[in-house]
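Student: coordinates for the following, if possible.
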Amino acid sequence: MPNDSSDSFVPDDLASSPLQSPSSAAVVSTSSTEADIVSHNHGRSNHEKNSILSQIISLSTSNGRLQQQLQFETQKATSLSADLRDAAERIVELEKEEWTAGSDKPSEAVLLPPEPPQEPPQEPPKPPPEEEDMKGWGFRDPRLRPFVIISIAYLLFTVTDGAIRMIVLLHAYHKSFSALQVALMFTLYELAGVFTNLAAGLMGAKWGIRFTLIVGLCLQLLSYGLLFGWQDGWSDETAIAYVTVAQMFGGIAKDLTKLGGKTVTKLVTPEGKDTRLFRLVSLLTGWKNSLKGVGYFLGSALLEVSYELALGFMMGLIVLALPFAIWGLDAELGTAKKKNSSFKEIFVWDNFNLNVLSLARLFLFASRDFWFEVPLPFFLRSPNCDVLGPDFPCTPDQDPTACDDGSTCDPSLSFCANINTGGGCGGPGVGRTVVGAFLGGYIILYGQIQSWTPQLVTGPLGQTPPNKMTEVFWGMINCLPTMIAAIAVYVSPAFTEHRLGGMTAWLIVIIVTFAVVFAINSSIHSYLVVKYAAADKVAVSVGLYYMSNALGRLMGTLGSGFLYTYAGGEVNAIGGYDPGHDATLGLAACFVAGTVSSLLAAVITIWIRDEESGLKCGPCLTLVAPKEVVEVEEGKEEMEEEDIRKRDLAERTVENIEVGEAKRLE
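Tutor: Predicted coordinates for the structure are as follows:
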């Protein structure tokens with residue numbers, strides 16, 4: 001039993017064993033408190049002493065737990081310090097290894113405060129798609145070498161292609177062939193293009209563009225060579241058959257050569273570079289047509305000197321183009337990367353856009369050839385009807401100017417007669433060189449506008465690269481020049497009263513206007529065909545497209561010969577002399593046919609599925625909004641309609657509640 005002395009209140013182990021943590025202030029304080037409590041409570045009752053003893057024991061237990069926690073935290077801090085030292089040493093070793101590998105000096109970034117973060121350098125903004133940079137695409141760039149070589153050969157060939165048409169047409173006019181007969185001479189020339197474009201696409205995909213280009217140039221030589229055999233003493237039927245066959249080889253040559261010129265632009269342009277592709281296509285197509293205009297003029301001018309000289313000069317240009325094709329191109333250029341297409345596969349309608357565009361192309365080119373290729377030069381050569389017949393006598397040995405242009409002094413009749421009654425009368429009656437300059441000027445203007453369409457027209461209007469909406473827009477505009485021309489030729493006094501100045505002014509305005517608008521349409525078409533074509537079978541795709549092109553020319557050429565010859569009707573005989581049909585009304589009928597064909601081409605183009613980018617007409621006017629914008633606007637309208645519906649429902653609900661509350665109160 002415990003006695004009353006103070007020592008008996010402290011257990012032996014607590015009194016004889018001091019606390020083991022000299023650094024702890026809590027332990028010293030606890031010991032002092034225990035002594036004070038014992039001294040203060042001396043002499044109290046046993047119950048009170050036992051209570052105090054319990055408190056002391058509780059405080060001692062808490063003190064022990066504090067000591068254990070302090071030891072644990074100390075060990076944890078020591079372990080963390082060791083880990084930090086190891087990490088720092090590892091970082092220093094890595095810095096030394098990096099310095100040994102080639103850096104300037106070992107980094108001491110571990111010992112220094114971190115530097116403030118630096119903003120990454122700002123990259124210059126990328127140009128918009130409409131202004132793609134053409135740097136690195138100079139003519140010395142190896143990527144453009146096939147384009148340059150094929151373009152040289154193709155452009156030289158184009159001069160001869162334009163010349164052969166004028167040489168044959170004007171030579172046949174001088175031999176008194178009618179417009180329909182001359183149109184028949186070009187039948188196989190155009191018809192050959194229908195099948196050649198199909199075969200050329202397959203040949204190019206299988207044997208390469210180099211093969212088709214060389215074959216085309218050689219066939220052009222053959223065509224010119226055969227024309228040397230055209231004899232003056234042949235009958236009309238024999239001459240038509242012979243010239244038609246000779247022209248057939250020229251038609252095959254043209255489409256084989258054209259395939260390379262159109263295909264190479266796609267092959268040298270990276271995927272996705274639509275603006276660059278449009279510029280290349282426009283450049284090549286524009287210069288091709290400009291040089292074709294040069295060929296028109298050269299053929300007509302050389303024909304005034306000699307028929308044989310004109311043929312020989314053009315054969316020399318072909319010989320000049322051959323070395324570029326033979327030694328400058330890779331034989332594999334343009335071949336199909338996968339299995340080549342067959343004739344059956346060509347007519348599978350899986351490329352919807354290309355097939356619709358091909359149909360539109362047929363009517364687009366028919367709209368030009370209905371009045372340009374045969375009727376216009378025949379009309380320009382035809383003389384005034386009022387200066388022909390017995391009322392205008394002449395003798396063959398007198399001044400050649402006794403008869404007006406386009407007429408001649410017929411020695412068997414002794415009066416001024418029409419050189420070609422099958423060509424009609426009523427035109428200005430200009431010479432062959434002037435006719436060639438007139439048509440050649442149109443084609444040169446047409447070609448240059450085509451070259452600069454992206455920069456001068458579609459670019460400023462926000463229509464580059466173009467889509468189907470762009471072509472529909474310009475296709476409708478293409479109807480206007482020929483429609484106005486038809487009205488003017490029918491009713492204008494310049495034509496009905498044969499006012500030469502007014503007639504010339506009207507023809508220049510009509511032809512220049514049509515050249516500009518048609519060039520824009522043709523440039524857009526030429527871009528769209530290579531855009532829609534499959535990249536690995538572009539030769540086949542382009543061939544199918546230009547097959548419809550040839551069909552359109554064939555339809556326009558034959559239709560124009562028939563309309564020009566028979567739509568005008570006969571002119572009243574002057575003193576028993578028949579000068580031929582009315583060329584003015586025949587030309588007007590051809591303009592009407594061209595207008596209808598232009599309208600059909602524009603309407604057909606609407607079917608193409610390519611309206612995502614919409615249609616602009618300048619920076620401030622959007623005629624058709626882009627597809628994504630339309631979808632966003634439709635979504636906004638649907639959301640607004642939904643909000644209106646919800647608001648109406650809420651208003652009706654509140655009204656019903658108010659009505660119900662009013663009835664309840666009543």
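
Student: mind listing the helices for the stretch 551-666 of the chain?
Tutor: 583-605, 627-665 (DSSP state H, counting those that start in this stretch).

Student: now the weakest link among the ones you listed, please, by mean pLDDT.
Tutor: Lowest mean pLDDT within the helices of the stretch 551-666 of the chain: helix 627-665, a mean of 62.

Student: the strands in the stretch 351-500 of the chain, which residues?
Tutor: 407-410, 415-418 (DSSP state E, counting those that start in this stretch).

Student: tell me the most buried of those?
Tutor: strand 415-418 (a mean of 24; mean count of other C-beta atoms under 10 Å). C-beta: built from backbone N, CA, C; applies to glycine.

Student: what's it in contact with?
Tutor: 382-383, 387-394, 402-404, 406-410, 425, 577, 579-580 (C-beta atoms under 8 Å, 6 or more residues apart in numbering).

Student: could you pick out the buried ones from these?
Tutor: Buried by 16 or more other C-beta atoms under 10 Å: 382-383, 387-389, 392, 394, 403-404, 406-410, 425, 577, 579-580, out of those.

Student: among the strands of the stretch 351-500 of the chain, which comes closest to Leu180?
Tutor: Among the strands of the stretch 351-500 of the chain, strand 415-418 comes nearest to Leu180, with 16.4 Å by C-beta to C-beta.

Student: what comes up buried for the one helix or strand Thr513 maps to?
Tutor: Using DSSP states H and E, Thr513 sits within helix 500-532. With burial defined by 16+ other C-beta under 10 Å, the residues of helix 500-532 counted as buried are 503, 506-507, 510-532.

Student: the inter-axis angle of it versus helix 583-605?
Tutor: Between helix 500-532 and helix 583-605, the angle comes out at 20 degrees (axes from the mean of the first three to the mean of the last three C-alpha atoms, to 10 degrees).

Student: so for helix 500-532, mean pLDDT?
Tutor: pLDDT averaged over helix 500-532 gives 89.

Student: now do stretch 214-225
Tutor: Across stretch 214-225, the per-residue pLDDT values average to 93.

Student: tell me which residues are up against it.
Tutor: Residues contacting stretch 214-225 (C-beta under 8 Å, 6+ apart): 153, 157, 160-161, 164, 203, 246-250, 252-257, 260, 311, 314-315, 318-319, 321-322, 325-326.

Student: need the contact list for the residue nearest to Asp386 when sequence neighbours are not counted.
Tutor: Nearest residue to Asp386, sequence neighbours excluded (C-beta to C-beta, 6 or more residues apart in numbering): His498, at 6.6 Å. Contacts here follow C-beta under 8 Å, 6+ apart; on that basis His498 touches 384-386, 426.

Student: top of those by number of neighbours, please.
Tutor: Gly426 (27 neighbours; other C-beta atoms under 10 Å).

Student: isn't that residue up against Asp386?
Tutor: No. At 9.3 Å, Gly426 does not count as touching Asp386 under the criterion of C-beta atoms under 8 Å.

Student: roughly how far apart are Thr470 and Val517?
Tutor: 13 Å (C-beta to C-beta, to the nearest Å).

Student: what do you get for Asp350?
Tutor: With C-beta to C-beta as the criterion, Asp350 and Val517 are 33 Å apart.

Student: swap in Ser548?
Tutor: 21 Å.

Student: now stretch 367-377 - C-alpha only, CSV.
Tutor: Output of stretch 367-377 as CSV, limited to C-alpha atoms (Å, rounded to 0.1, in the frame of the first residue of the first chain):
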residue,chain,number,x,y,z
SER,A,367,-21.2,26.4,-129.7
ARG,A,368,-18.0,27.9,-131.3
ASP,A,369,-17.6,25.6,-134.3
PHE,A,370,-21.2,26.2,-135.3
TRP,A,371,-20.1,29.6,-136.7
PHE,A,372,-16.3,29.9,-136.5
GLU,A,373,-14.4,27.2,-138.3
VAL,A,374,-16.3,27.2,-141.7
PRO,A,375,-19.1,29.8,-141.8
LEU,A,376,-17.0,32.8,-140.7
PRO,A,377,-14.1,32.5,-143.2
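
Student: what residues does it touch?
Tutor: 165-166, 169-170, 173, 179, 182-183, 186, 435, 438-439, 442, 478, 482, 485, 511, 514, 518, 552-553, 555-557, 559-561, 563-564, 586-587, 590-591, 593-595, 597-598, 601.

Student: rerun that using 6 Å as the cut-off
Tutor: 169, 179, 182-183, 435, 553, 556-557, 559-561, 564, 587, 590-591, 593-594, 597-598 (C-beta atoms under 6 Å, 6 or more residues apart in numbering).

Student: that older thread, got a PyMOL select line for the buried ones in the contacts of stretch 214-225?
Tutor: Restricted to buried positions by 16+ other C-beta under 10 Å, the PyMOL selection for the contacts of stretch 214-225 reads:
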select buried, resi 153+157+160+161+164+203+246+247+248+249+250+252+253+254+255+256+257+260+311+314+315+318+321+322+325
